[in-house]
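Trainee: With the sequence up front, the predicted model follows.
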Amino acid sequence: QKLPSSETETSLERGRGFLFMAAAASYARQAKRTVTSDKLEVASTPVTEDDVTFDIKQHMQLPQQFKRSVATEVVGEGGHHKILRYDMKKMVQYTACGTILSKGTVFTMDNTAVKTTAVMIALVGIIALVLVIQQMAIGDFDSLATLDLKPLEALASQVNAFVPLALALFVSITLNRWWSLRTCALAKVFDSLANTCMLVASELSDDKWIDLREGIMKYGMASVELLVQAARESGDVQHLVQLDLLTDVEAEFMAEYKQLWQRPMVIWAWIMHIITNAMDHDKTPVPSRQAVIGQCLHARDGMATINMHLDTQLPFAYVHLITLLVNVQNLLMAVTSGLKLATAIPGGNFFIIIQQVLTTGIIVFCYQALLTISYTIEDPFGDDVLDFPIRAYKAYVASIVDAMM
């Protein structure tokens with residue numbers, strides 16, 4: 001926006017923030033706002049006792065932490081515990097068996113693998129029991145020891161030769177997508193916010209821009225909040241009003257965007273518009289303005305990448321096939337082990353009996369656990385223990401913004 005007169009410029013010097021507020025007002029054109037030469041009047045609802053005054057240091061506070069034997073947990077969005085970091089040295093020292101019940105392992109984060117393993121072991125016992133009873137009923141119990149299992153073993157061997165490779169590739173792709181969400185998408189938004197604040201603090205460092213710098217901090221943190229809400233499919237813009245990140249009018253304007261992914265991108269459009277107008281008024285060199293525009297576009301790119309990853313899953317047919325292969329592998333393992341166990345009973349070969357039970361349990365559990373990890377990290381913005389500790393990330397970003405401003 002162009003500042004119309006020298007009188008307005010004098011008012012800007014006094015108000016130390018008129019340009020920021022005037023530019024913000026242009027994006028709330030459907031709201032009832034009155035902009036004068038020395039103030040911005042906003043029609044808003046009374047502030048409740050739940051509302052707070054914006055202070056970037058409040059956003060820097062780390063969420064509550066819980067130090068366990070090998071991992072540090074924090075309270076994430078929705079009050080669910082997330083793993084912030086773990087000590088690999090302790091895990092090696094205590095051994096994986098010693099930390100098997102730690103929060104976040106495949107034994108504790110989801111019971112699907114344990115339940116599936118228990119079902120397959122029970123199937124082994126049922127098959128062996130049925131075969132033994134059948135042979136005893138026909139009076140040919142001893143012939144169990146000579147039962148020919150070579151065709152079934154050959155089939156199981158062929159399937160077992162293919163499933164590990166296919167499952168390994170699937171898990172690798174899933175992990176790469178999870179890592180890309182953190183480093184190429186979420187980190188890009190965080191870095192863009194930090195870099196934008198650095199440019200603003202460097203180029204607009206005069207006291208008259210204090211309100212503008214605080215406004216950029218507000219909008220930056222608001223964009224992070226709205227990004228998380230979009231990823232979690234939650235549209236509570238009133239929460240941002242309570243945090244003093246948006247005014248009531250801005251929240252009403254934002255609520256008009258029904259697609260949640262629009263909201264954080266609109267915030268970055270505001271940020272770019274406000275900063276470039278201020279730099280234009282301050283006669284900031286063009287390269288600095290171009291740098292700000294570049295950072296705002298990078299932030300939008302990062303948010304678009306997050307949306308792309310969450311809304312573009314791996315092909316359903318591929319994932320279904322991988323799951324089916326694992327299920328068939330587990331079933332063949334249980335049937336083969338049950339028959340082998342039955343053939344070991346007439347001779348009283350307890351070593352074979354124990355070996356078949358353990359083999360089934362270990363292999364079935366490992367395959368199922370890998371599938372469990374894959375679907376757990378598919379959407380890292382959820383409430384699972386392995387999902388991103390977003391609150392801790394937001395505290396880090398706030399600390400960087402505070403350092404820059």
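Mentor: Yep, it's here. These numbers were taken from a predicted model, which means no experiment stands behind them.
Trainee: now the helices for the stretch 151-300 of the chain?
Mentor: 187-203, 210-231, 238-242, 248-255, 262-281, 286-311 (DSSP state H, counting those that start in this stretch).
Trainee: Including mean neighbour count and distance to Val401, could those helices go into a markdown table?
Mentor: C-beta here means a position set from N, CA and C on the backbone, and glycine is covered the same way. Output for the helices of the stretch 151-300 of the chain, formatted as a markdown table (neighbours: other C-beta atoms under 10 Å; distance: least, C-beta to C-beta, whole Å):
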| stretch | mean neighbour count | distance to Val401 |
| --- | --- | --- |
| helix 187-203 | 20 | 5 |
| helix 210-231 | 23 | 6 |
| helix 238-242 | 18 | 16 |
| helix 248-255 | 20 | 19 |
| helix 262-281 | 21 | 12 |
| helix 286-311 | 18 | 13 |
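Trainee: of these, which approaches Asp55 most closely?
Mentor: helix 210-231 (9.8 Å; C-beta to C-beta).
Trainee: Tabulate the CA atom coordinates of that closest one in PDB.
Mentor: Output of helix 210-231 as PDB, limited to C-alpha atoms (Å, rounded to 0.1, in the frame of the first residue of the first chain):
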ATOM      1  CA  ILE A 210       9.000  -2.500  16.400                       C
ATOM      2  CA  ASP A 211       5.300  -3.200  15.900                       C
ATOM      3  CA  LEU A 212       6.000  -4.600  12.400                       C
ATOM      4  CA  ARG A 213       8.600  -6.900  13.700                       C
ATOM      5  CA  GLU A 214       6.300  -8.100  16.500                       C
ATOM      6  CA  GLY A 215       3.500  -8.600  13.900                       C
ATOM      7  CA  ILE A 216       5.800 -10.700  11.700                       C
ATOM      8  CA  MET A 217       6.600 -12.900  14.700                       C
ATOM      9  CA  LYS A 218       2.900 -13.300  15.500                       C
ATOM     10  CA  TYR A 219       2.000 -14.200  11.900                       C
ATOM     11  CA  GLY A 220       5.000 -16.500  11.700                       C
ATOM     12  CA  MET A 221       3.900 -18.500  14.700                       C
ATOM     13  CA  ALA A 222       0.300 -18.300  13.500                       C
ATOM     14  CA  SER A 223       1.400 -19.900  10.200                       C
ATOM     15  CA  VAL A 224       3.000 -22.800  12.100                       C
ATOM     16  CA  GLU A 225      -0.100 -23.300  14.300                       C
ATOM     17  CA  LEU A 226      -2.300 -23.300  11.200                       C
ATOM     18  CA  LEU A 227       0.000 -25.700   9.400                       C
ATOM     19  CA  VAL A 228      -0.200 -28.200  12.200                       C
ATOM     20  CA  GLN A 229      -4.000 -27.800  12.300                       C
ATOM     21  CA  ALA A 230      -4.200 -28.500   8.600                       C
ATOM     22  CA  ALA A 231      -2.000 -31.500   8.900                       C
END
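Trainee: angle of it against helix 248-255?
Mentor: Between the axes of helix 210-231 and helix 248-255, defined by axes from the mean of the first three to the mean of the last three C-alpha atoms, to 10 degrees, the angle is 30 degrees.
Trainee: Thank you, goodbye.
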